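> A predicted structure for the sequence below; I have some questions about it.
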Amino acid sequence: NFINVNNPTCYGDSDGSIEIEYTGGILLNPYSVEWSTNDYGVTTLAQLSNGTYCVTVTEEVTGCEVESCINIGVDPIQVELSVLDTAFCAESGGGSVEAVVTGGTPEVTGYNFEWNSGDFNDQGFSSLFEDLAPGMVTVEVWDSFRYCNVVDSIEMPFLYEIEVDATIQSPFCYGDSTGT
């Protein structure tokens, strides 16, 4: 039986562990333990990354054996950013960005977000960042462990650019008001 199973903390980490317990067979018979990792004689494996691990326990006198496998791991945190509302003008706000996050180990309240857009920052549990001016928008997302994170960015566009064309028409003579 697998009695203690710990997934790696973050995707790519090697800090998972598995512990087994075996009972039964003929009283006082010795057992051998062999893992798919080529570890022998131990009931606990540590420093494990995502993957499937198998153990074979053999009663040495009778040769009876039992194999059991278990998969441990955590999915990587993935974020997909999308612009919901485009900023109005090159120098104004009105834009909004949403982050859709999967993987990792989210808290009961969800993921933690740290948004950054130029001089404006926001932090908390909101997957929506609003009233943004044009420019680069960056989000860093953490799961419940606060050190499993991912960073992504998206460009906030703008709808309108105001251009002013000015033509100077000088007056014909000094003191005239014929200029525009």
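Sure, I can see it. Just so you know, these numbers come straight off a predicted model, no measurement behind them. Numbering: from 1, shown residues only.
> what sits closest to the most centrally placed residue in the chain if chain neighbours are left out?
Nearest residue to the geometric centre of the chain (Cα atoms, centre = their mean): Ile77, 2.4 Å. Excluding the flanking residues, the one nearest Ile77 by Cβ to Cβ, 6 or more residues apart in numbering is Gly104, at 3.9 Å. Where you see a C-beta, it was placed from the backbone N, CA and C, and this is true even at glycine.
> what residues are up against that neighbour?
Contact analysis of Gly104 by Cβ atoms under 8 Å, 6 or more residues apart in numbering lists Cys10, Tyr11, Val74, Asp75, Pro76, Ile77, Tyr111, Asp143, Ser144, Phe145, Cys148.
> quick one on the thing from earlier: check contacts around the residue nearest to the centre of the chain.
Counting by Cβ under 8 Å, 6+ apart, Ile77 has contacts Tyr11, Val101, Thr102, Gly103, Gly104, Tyr111, Val141, Asp143, Cys148, Asn149, Val150.
> for stretch 10-18, measure first residue to last.
16 Å (Cα to Cα, to the nearest Å).
> what segments of this protein are helices?
Using DSSP state H, no helices are found in the chain.
> keeping just the C-alphas, turn the helix or strand bottoming out on mean pLDDT in it into PDB.
Every helix and strand in the chain was compared by mean pLDDT, DSSP states H and E; the lowest is strand 120-124, with a mean of 75. In PDB, the C-alpha atoms belonging to strand 120-124 read as follows (Å, rounded to 0.1, in the frame of the first residue of the first chain):
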ATOM      1  CA  PHE A 120       0.200  51.300 -12.600                       C
ATOM      2  CA  ASN A 121       0.400  48.100 -10.500                       C
ATOM      3  CA  ASP A 122      -2.200  45.900  -8.900                       C
ATOM      4  CA  GLN A 123      -2.000  42.800  -6.700                       C
ATOM      5  CA  GLY A 124      -4.500  40.300  -5.400                       C
END
